[in-house]
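Asks: below are the sequence and a predicted model; questions follow.
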Amino acid sequence: MSRKQGIKAVVFVALFAVLFVYVSDVLVAKWTTGNKATYMASQYYDVKDKSIDVCVIGSSQVVYGFSCMAMYDEYGISAYSFGIDNEAMLSSYYWLKECEKSHEISTVVLDISILFEQTHDSYFRKAFDTMKLSANKIEAMKARDKIEGSTGRISYLIPLQLYHDRWKELTKEDFVLDKENSLVYRGNVMKYNVRYSNANEYLIEDDEQSQVEMVDYQLEYFRKIVEHCKEENLNLVLIKTPKKSWNLSKSKAVEALAEEYSLPFLEFNSRELVEAAGIDFATDIQDPDHLNLKGAEKLSRYVGKYLKENFDLADHRDDDYNPVDMVRYTQDREDSYLKMTQGIEEYFERLNNERYGVIVQMTDDLSALWTESMREEFKRLGFGQDIGELTGKNYIGILNRGTCVYETAPEKSVSFEGGFSSSSPFTAYSSIDMEAKNVRITFKENDEVFAVKGMNILVYDLEKDRLADKLTIFRNNESNGFRMVHAAVEE
């Protein structure tokens, strides 16, 4: 072979390798909804080296129920969460090692829920398809192969073996991740759903105890994590976030493990820690087994306080380096809290935001129940009309960046066409005699439906060009007062 032919061969092989890696990255499954594992990993690899002090690992309990940013805001703790839905202890072990490659961590926080549960192959895939090829990944695949149900280590190392048919399902997200709208910060997903719950569903002190068994391979890798932390001189703290399916028997079994290794165990299914953290099950739960953002922040502030009091952790708030895009984080947090708000006066207060365009329409007469505190907060928004005085009248009001730009309260049904910009036209419809099935606001040529008659509010985020919330305040005939219901909006 001549020198020229050799150069051509090398160039061909290099181009083939680049193309092969690119195609593999495109075809591999993307988890951009739910626990959003793809964002957790991709954002981690963008983090500045030697900037993480605390590694948080565990299942979806820490994806949703923990907030590394709350610990940063309150105590300056730099942490990253490597949680995955149903994450096995094996996966947590290797993500811990992956974190140690680039960061001089001193402390590990581990949620132990998965000790009693099986992890199926799809959850291993979420954990490792997103990890970059490395010695850690290769070692992890060998370990994964020893557990029943594996699709084989080759499919993890060469994803095309498994995903070659995915070309028929490709979307824009397979080529370019929309990181700016992911709602993922330092590995944690901002969840704003609210499920009204009773504390007695979660507190475990009065449970009857029964025999429970830990899954062998979960316990094996729990012990590996403990030994690894001892060898590397890392602080290890065990936690259990609130979970309805948790019980006293499981808690006692973990407590025994913690005592065996002289480890602290923060049990947030106990009344003591729930009260200490200020968790309110009426507002801080998103589904039976997970906290929402409000609950996650409360729990994480408590954990952050514990870490600061017991370990030597630096305060990074005065560093030049920001852990995330702080402007985007603040905006997403504001939007999430808006969606979680359950009080009318608080909701009006949160609407007072220059990023928001707000449409208010009446499709029921609420005047008789309107209170003085509601009048005051509604007026502070810039509206001139007093809803309490609109008996028998219809109403439409529009706010644009904190200023009332339109308001009308006629006796006859009324509609109003407007726009917050040329790209965000809308039509509001007010009739207190309207049937519930017809309640809607047309926004960007789509009918945004409200399931209930009352005061319908649509909130548009002018900066991000997306709906921030849809809410109805309506009469609760049982209590002779009001209720609020948030309608789902696309993340």
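Replies: Happy to help now that I have it. Just so it is clear, the structure is predicted and the values come from calculations on it, not from any experiment. Numbering: from 1, shown residues only.
Asks: make it CA atoms for all contacts and neighbour counts henceforth
Replies: OK.
Asks: shaky segments in the stretch 51-200 of the chain?
Replies: Residue ranges of the stretch 51-200 of the chain with pLDDT under 70: 150-182.
Asks: strands along the stretch 201-350 of the chain, start to end?
Replies: Remark: strands assigned in the stretch 201-350 of the chain by DSSP state E, counting those that start in this stretch are 235-240, 265-267, 285-287, 290-291.
Asks: centre of the chain to the second one, how far?
Replies: For strand 265-267, the distance from its own C-alpha centre to the chain's C-alpha centre is 22 Å (C-alpha atoms, centre = their mean, to the nearest Å).
Asks: what average pLDDT does that strand get?
Replies: The average pLDDT within strand 265-267 is 98.
Asks: which helices and strands does that strand pack with?
Replies: strand 235-240, helix 248-260 (3 or more C-alpha pairs under 8 Å, 6 or more residues apart in numbering; DSSP states H and E).
Asks: switch the cut-off to 7 Å
Replies: Contact partners of strand 265-267 among helices and strands, from 3 or more C-alpha pairs under 7 Å, 6 or more residues apart in numbering; DSSP states H and E: strand 235-240.
Asks: with the shortest one instead?
Replies: Judged by 3+ C-alpha pairs under 7 Å, 6+ apart, the packing partners of strand 290-291 are helix 60-65.
Asks: residues in contact with the helix it packs on?
Replies: 35, 83-86, 111, 187-191, 241, 290-292, 295-296 (C-alpha atoms under 7 Å, 6 or more residues apart in numbering).
Asks: to D447, which of the strands of the stretch 201-350 of the chain lies closest?
Replies: Nearest of these to D447, taken as C-alpha to C-alpha: strand 285-287 at 26.8 Å.
Asks: show me which positions of that closest one end up buried.
Replies: I285, Q286 (16 or more other C-alpha atoms under 10 Å).
Asks: strand partners (parallel or antiparallel) of that strand?
Replies: Strand pairing for strand 285-287, determined by DSSP bridges: strand 290-291 (antiparallel).
Asks: the partner strand: how far from the chain's middle?
Replies: With C-alpha atoms, centre = their mean, you get 10 Å for strand 290-291.
Asks: what is the mean pLDDT for it?
Replies: Per-region confidence: strand 290-291 scores 94 on mean pLDDT.
Asks: touching that strand from outside, list them.
Replies: Here strand 290-291 makes contact (C-alpha under 7 Å, 6+ apart) with Q61, Y64, G65, P242, K243, D284, I285.
Asks: let's see 6 Å
Replies: G65, D284, I285 (C-alpha atoms under 6 Å, 6 or more residues apart in numbering).
Asks: show me what contacts the nearest residue to M455 once chain neighbours are set aside?
Replies: The shortest distance from M455 to any non-neighbouring residue, by C-alpha to C-alpha, 6 or more residues apart in numbering, is to M362 (4.6 Å). Contacts were defined as C-alpha under 6 Å, 6+ apart; by that measure M362 touches N394, Y395, S430, G454, M455.
Asks: can you check K240 too?
Replies: Listed by C-alpha under 6 Å, 6+ apart, the contact set of K240 reads D111, E267, F268.
Asks: counting neighbours, which of those comes out on top?
Replies: Neighbour counts for these, by other C-alpha atoms under 10 Å, peak at D111, which reaches 25 neighbours.
Asks: could I get the phi/psi values of it?
Replies: phi -80, psi 130 (degrees, to the nearest 10).
Asks: give the bridge partners for it, please.
Replies: Following DSSP bridges, D111 is listed with bridge partners I239.
Asks: related to what we said a few turns ago, tell me the one of the contacts of K240 nearest D216?
Replies: Distances from D216 to those, taken by C-alpha to C-alpha, are shortest for D111, at 17.1 Å.
Asks: show me the contacts for that closest one.
Replies: G58, L238, I239, K240.
Asks: if you set the cut-off to 10 Å instead, what comes out?
Replies: 56-62, 66, 83, 89, 92, 237-241, 265-267 (C-alpha atoms under 10 Å, 6 or more residues apart in numbering).
Asks: distance of it from A41?
Replies: With distances taken as C-alpha to C-alpha, to the nearest Å, D111 is found 19 Å from A41.
Asks: D287 too?
Replies: As for D287, its distance to A41 is 24 Å (criterion: C-alpha to C-alpha).
Asks: same thing with L248?
Replies: In terms of C-alpha to C-alpha, L248 sits 34 Å off from A41.
Asks: these two: which has the busier surroundings?
Replies: When neighbours are counted by other C-alpha under 10 Å, L248 and A41 differ, and A41 comes out ahead with 24 against 18.
Asks: which SS class is the more buried one?
Replies: Of the three states, A41 takes helix under DSSP: H, G, I helix; E, B strand; the rest coil.
Asks: that one: what's it in contact with?
Replies: Applying C-alpha under 10 Å, 6+ apart to A41 gives the contacts 81-84, 95, 126-132, 186-187.
Asks: out of those residues, which sit inside helices?
Replies: Residues of the contacts of A41 located in helices (DSSP state H): W95, K126, A127, F128.
Asks: report the two of these separated the most.
Replies: W95 and K126 (12.1 Å).
Asks: related to what we said a few turns ago, need the contacts of A41 in CSV with neighbour count, can you?
Replies: Listed next are the contacts of A41 as CSV, based on neighbours: other C-alpha atoms under 10 Å:
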residue, neighbour count
S81, 28
F82, 27
G83, 32
I84, 29
W95, 25
K126, 23
A127, 26
F128, 21
D129, 24
T130, 20
M131, 20
K132, 14
R186, 23
G187, 32
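Asks: and which of those is nearest to R333?
Replies: Nearest to R333 among the contacts of A41, with distances taken as C-alpha to C-alpha, is R186, at 13.6 Å.
Asks: hang on, isn't the closest one packed against S81?
Replies: Yes. Assessed by C-alpha atoms under 10 Å, R186 is found in contact with S81 at 6.1 Å.
Asks: identify the contacts common to those two.
Replies: Joint contacts of R186 and S81 (C-alpha under 10 Å, 6+ apart) are M40, A41, Y44, V56, V63, S67, C68.
Asks: OK, contacts around the first one?
Replies: Think M40. So M40 contacts 31-32, 63, 80-84, 127, 130, 182, 184-189 (C-alpha under 10 Å, 6+ apart).
Asks: in strands, which of those fall?
Replies: Taking DSSP state E as the definition of strands, those contribute Y80, S81, V184, Y185, N188, V189.
Asks: count the neighbours of the first one for me.
Replies: This points to Y80. 26.
Asks: bridge partners for it, pull those for me.
Replies: Note on Y80: beta-bridge partners by DSSP bridges are C55.
Asks: reformat the ones in helices among the contacts of A41 as a markdown table; add distance to K142.
Replies: Putting the ones in helices among the contacts of A41 into a markdown table (distance: C-alpha to C-alpha, whole Å) gives the following:
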| residue | distance to K142 |
| --- | --- |
| W95 | 15 |
| K126 | 17 |
| A127 | 14 |
| F128 | 12 |
